[in-house]
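> next come a sequence and a model predicted from it.
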Amino acid sequence: MIQLVHLTKFYKSKENVAIGLQDINLEFQKGEFVVIVGPSGSGKTTLLNVISGMDTYEEGELLLNGVPTSNYSLEDFENYRRANVAFIFQNYQLIDSYTVLENVMVELIFKGFKKKEAKNKAKEILQKVGMGHRLKNRATKLSGGEKQRVVIARALASDAQILVCDEPTGNLDTHNSLEIMKLLKEVAKDKLILLVTHDEGLIQDNATRVIRIKDGHIEEDSTLQETSRQDTSMIKPIPNKWSTQLYIACKNILRTPKKSLFIFFVFLILSFVIIFSIAYIPTDVVAKESKTIDYDLFKNKEENRIISYLSEESNEFPNLSNLTICENDYLVDATFRLATTEEDLNKYIKKTSQILISDFTLNLIHGQMPESNEEILLVINQELSESFLQKTMGATIYLGAQTGNLFREHTYTVVGIAKQKNPIKDRTDFYLSRSGREILFDMVKNNQFYNIRESFISDFSLQSEGVTNPIELINTNTESIFVNYTYKNRDFSICLGNRKLDLSKYSVEYMYSAEPNFHARISTSIAKKLLEEVPYRFSVYVSSEDVDNTIHMLEDTYQATCFSIKDSNRIEQVYDITSILERLFYFIFIFVEVLLCLFISSLITSFVLGTKKRELGVLRVIGLSEKDVLHVLQFELLLMMLISIGITIGILGISLAFPWEFSLEFIFLNPVKLLFSCVVLFVMAFIISFKWNKKMFKRSAREVLKVGENL
């Protein structure tokens with residue numbers, strides 16, 4: 001079952017190397033009751049620690065069922081020990097904060113028993129060892145003999161094949177020693193019992209084999225009673241479920257209330273500091289100044305309008321039959337005025353009007369949409385009575401330019417009234433059928449009072465040496481283009497949108513000017529001709545949800561330059577370096593504060609956890625792996641952190657009901673910051689548990705169980 005071949009164990013210190021075991025050759029079988037005797041310091045306990053996987057070895061080999069362990073990892077030894085080895089220590093190694101029943105139950109829970117089954121089984125085993133009357137007593141309230149009986153009960157509950165007993169009667173009187181030996185002998189038939197003692201009186205009538213050890217060497221190996229060889233195999237441990245880890249965590253919190261409360265108050269202070277600090281961080285940078293950029297050149301501000309400039313290579317508008325497109329785009333921004341002979345209707349008509357191209361933003365409240373060239377829909381964003389709406393149907397409407405006469409040769413009949421979903425103040429807009437709109441645009445272009453708007457002339461530019469400059473508009477009929485004299489010997493182009501214009505039919509005159517911003521001037525007559533001749537700009541109208549996708553399509557497919565009217569107003573902020581540095585200081589300060597809080601809370605929590613190291617060490621020996629211990633610690637700290645956060649937020653929330661001079665309302669104004677604070681606190685709990693667990697597992701299980709050792 002277990003074989004030691006030339007096994008040697010050293011203990012190293014800074015100055016010396018001590019021999020614990022030297023050239024040990026032994027073999028043990030299931031069913032043996034082996035008593036190991038020898039003077040103090042001879043290596044008895046060291047031999048047990050190596051066999052049980054509680055400690056390592058340097059030379060030779062330890063074989064388990066013929067399998068070498070020289071390449072075993074810490075996890076491999078843990079799995080072997082958890083499933084196959086049970087311990088009875090001289091100093092008992094019970095979990096003092098647990099009751100007698102819980103000390104045995106926990107072993108059964110690690111073996112996969114449900115809590116109710118584990119409780120009944122534990123009671124049965126404790127009755128067997130004579131401890132049925134002390135089930136609810138804490139381990140600290142028991143005598144030495146009673147503690148050892150509980151340890152034996154726990155060992156029996158583990159159902160391990162190997163029972164390692166290190167001076168189990170060393171702290172007991174003669175009567176209790178004999179009782180314990182009697183119990184051990186009863187369970188020895190189907191287990192390998194390795195018992196270390198310096199009391200040779202315990203050998204008689206108990207041991208089947210005696211090993212004497214001195215100065216790390218085997219001095220004698222005597223068989224007192226032959227035992228039959230039994231077939232054995234090492235058992236693999238059952239992985240502990242997260243529910244088991246949570247159960248142990250809750251048990252540890254409840255059974256050590258003073259320590260738990262101390263950690264809880266540390267976390268409570270930590271929660272308040274972190275939540276307050278992160279909530280106080282300014283997420284906005286105050287601008288030195290702000291300026292609003294408004295593309296007010298485009299008077300028609302239908303929010304679903306996409307203004308598109310053709311690429312330099314394009315000579316015609318794209319075919320977009322599935323979309324509403326307006327090719328006479330330079331006329332869409334013309335400002336009109338409405339007039340009617342109906343006095344009741346006239347008072348609702350504002351001084352300025354725009355023609356609407358699409359019905360996406362309209363909400364029809366009465367009548368119908370225009371169908372013929374002579375029908376018109378008015379957009380009146382006021383509450384109107386039903387009788388008024390019916391009365392105005394069929395009213396005659398005249399259209400005209402805002403600064404000119406009416407188009408008296410063409411009138412419209414009101415067939416419907418609508419409201420805009422996002423109304424514009426002090427305007428009464430109108431909607432025509434597509435053919436009616438084209439007729440109106442022809443009248444505008446042919447009318448003598450047609451004015452070139454800034455939105456058109458802004459598309460004209462002079463480009464030279466990679467620099468684009470604006471062109472001024474002059475109200476003359478001259479066929480000349482006037483250019484600043486500085487461009488006479490330089491290459492330049494006159495552009496409309498993205499298109500370079502052919503100026504061969506126009507004369508270019510160079511002139512001096514004292515005006516610093518003068519680059520070129522163009523007459524209104526030339527501008528009108530070019531606007532009508534050159535396809536350079538168009539507008540597309542889609543639903544608000546499709547604006548972004550349509551822009552991407554136009555840019556990718558037609559290489560058009562696009563922007564949406566809904567994005568036409570934006571605020572550009574000029575930031576001051578002082579305000580940026582001020583905000584940066586806040587972030588650095590809070591970051592350092594979080595690190596400092598993590599360090600202090602980690603130090604305090606580790607100190608408290610250090611007082612619980614023996615309990616965690618016992619759990620590690622009897623059934624918890626390194627990951628299990630980590631998860632138990634994480635559950636403990638996360639539960640206490642969760643409660644701390646809840647109480648902190650509750651206290652801060654209640655404080656809002658009182659008229660404090662300093663309000664804490666800002667903590668709740670930004671839920672994202674509050675959530676981020678909680679995440680930071682949970683991460684800190686994880687880090688603390690991970691650091692402490694890593695510190696604990698730097699040492700062997702034997703070292704962790706040493707009383708008085710500080711982690």
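Here it is on my side, so go on.

> low-confidence ranges, the protein, go.
For the chain, applying pLDDT under 70 flags the ranges 231, 282-297, 402-405, 447-457, 568-580, 660-663, 698-711.

> what are the ranges of the strands in the stretch 551-700 of the chain?
561-564, 569-575 (DSSP state E, counting those that start in this stretch).

> partners of the nearest residue to residue 518 once chain neighbours are set aside in the sheet?
For residue 518, ignoring the flanking residues on the chain, the nearest one in space by C-beta to C-beta, 6 or more residues apart in numbering is residue 484 at 5.6 Å. Backbone N, C-alpha and C define where each C-beta goes, glycine included. Counting by DSSP bridges, residue 484 is bridged to residue 511.

> residues near residue 484, how many?
Using other C-beta atoms under 10 Å, residue 484 is surrounded by 20 other residues.

> doesn't residue 508 make contact with it?
No: counting by C-beta atoms under 8 Å, residue 484 stays clear of residue 508, with 11.2 Å between them.

> specify the local secondary structure of residue 303.
On the three-state scheme (DSSP: H, G, I helix; E, B strand; the rest coil), residue 303 is labelled coil.

> what about it, how many residues close to it?
17.

> now do the closest residue to residue 94 other than its chain neighbours against residue 57, distance only.
Take residue 94 and drop its neighbours on the chain: the residue closest to it by C-beta to C-beta, 6+ apart is residue 139, 4.1 Å away. Taking C-beta to C-beta, to the nearest Å as the measure, residue 139 falls 32 Å from residue 57.

> need phi/psi at residue 363.
phi -120, psi 100 (degrees, to the nearest 10).

> quick check: bridge partners of it?
residue 419.

> that one reaches residue 419, doesn't it?
Yes: here residue 363 reaches residue 419: they are 4.9 Å apart, a contact under C-beta under 8 Å.

> ok, the two, which is more surrounded?
Between residue 363 and residue 419, counting by other C-beta under 10 Å, residue 419 is the more crowded of the two (16 against 12).

> my guess is that one meets residue 365, correct?
Yes: with contact defined as C-beta under 8 Å, residue 419 reaches residue 365; the gap is 5.9 Å.

> and stretch 115-130, which residues are buried?
118, 119, 121, 122, 123, 125, 126, 128, 129 (16 or more other C-beta atoms under 10 Å).

> touching, residue 184 and residue 191? I think so.
No: counting by C-beta under 8 Å, residue 191 is not a contact partner of residue 184; they are 9.4 Å apart.

> find residues that contact each of those two.
Both residue 184 and residue 191 are in contact with residue 163, where contact means C-beta atoms under 8 Å, 6 or more residues apart in numbering.

> still on that earlier bit, okay if I get the buried residues of stretch 115-130 as CSV plus distance to residue 684 and secondary structure?
What follows is these, written out as CSV (distance: C-beta to C-beta, whole Å; DSSP: H, G, I helix; E, B strand; the rest coil):
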residue, distance to residue 684, secondary structure
118, 34, helix
119, 36, helix
121, 40, helix
122, 37, helix
123, 41, helix
125, 42, helix
126, 41, helix
128, 47, helix
129, 44, coil
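
> I'd like the residues you listed laid out as a markdown table, including distance to residue 637.
Listed next are the buried residues of stretch 115-130 as a markdown table, based on distance: C-beta to C-beta, whole Å:
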| residue | distance to residue 637 |
| --- | --- |
| 118 | 26 |
| 119 | 27 |
| 121 | 31 |
| 122 | 28 |
| 123 | 32 |
| 125 | 33 |
| 126 | 32 |
| 128 | 38 |
| 129 | 36 |
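
> and the helices in the stretch 401-550 of the chain?
All helices of the stretch 401-550 of the chain, identified by DSSP state H, counting those that start in this stretch, fall at 434-446, 454-457, 524-533, 547-558.

> before we move on, what about the stretch 151-300 of the chain?
Using DSSP H, counting those that start in this stretch, helices in the stretch 151-300 of the chain cover 174-187, 242-255, 257-280.

> enumerate every residue touching residue 24.
Residue 24 neighbours (C-beta under 8 Å, 6+ apart): 4, 6, 7, 8, 47, 60, 216, 217, 218.

> give the contact list for the first one.
Contact analysis of residue 4 by C-beta under 8 Å, 6+ apart lists 24, 25, 26, 27, 50, 51, 60, 61, 62, 63.

> number of nearby residues for the fifth one?
Pointing back at residue 50 there. Residue 50 has 24 nearby residues by other C-beta under 10 Å.

> okay, and it sits in which element?
helix 44-51 (DSSP states H and E).

> ok, then the element right after that helix?
That would be, after helix 44-51 and using DSSP H and E, strand 59-64.

> direction included, what does whichever helix or strand comes after that following strand pair up with?
Scanning forward in sequence from strand 59-64 by DSSP H and E, the next helix or strand is strand 67-68. Partners of strand 67-68 in the sheet, by DSSP bridges, are strand 59-64 (antiparallel).

> and the contacts of the strand it pairs with?
Applying C-beta under 8 Å, 6+ apart, the set of residues contacting strand 59-64 is 1-8, 23-24, 50-51, 68-70, 80, 234.

> in it, what's buried?
Going by 16+ other C-beta under 10 Å, strand 59-64 has these buried residues: 60, 62, 63, 64.

> repeat for stretch 227-241
Those buried within stretch 227-241 under the rule 16+ other C-beta under 10 Å are 227, 232, 237, 240.

> stretch 653-669 now?
For stretch 653-669, by 16+ other C-beta under 10 Å, it's 664, 667.

> kindly export it (C-alpha atoms) in CSV.
The C-alpha trace of stretch 653-669 is given here as CSV (Å, rounded to 0.1, in the frame of the first residue of the first chain):
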residue,chain,number,x,y,z
GLY,A,653,-30.0,57.2,1.7
ILE,A,654,-31.6,57.9,5.1
SER,A,655,-29.3,60.9,5.6
LEU,A,656,-31.0,62.6,2.6
ALA,A,657,-34.1,63.0,4.7
PHE,A,658,-32.3,65.4,7.1
PRO,A,659,-31.5,69.0,6.2
TRP,A,660,-27.7,68.7,6.5
GLU,A,661,-25.5,71.6,5.6
PHE,A,662,-23.5,69.3,3.3
SER,A,663,-25.8,67.2,1.1
LEU,A,664,-24.9,63.7,0.1
GLU,A,665,-27.4,63.7,-2.7
PHE,A,666,-24.6,63.7,-5.3
ILE,A,667,-23.8,60.1,-4.4
PHE,A,668,-27.1,58.9,-5.9
LEU,A,669,-27.2,61.2,-8.9
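
> ok, back up a step: enumerate every residue touching the residue nearest to residue 518.
Residue 484 neighbours (C-beta under 8 Å, 6+ apart): 510, 511, 512, 513, 518, 519, 520.

> before I go, just wanted to say thanks for your time.
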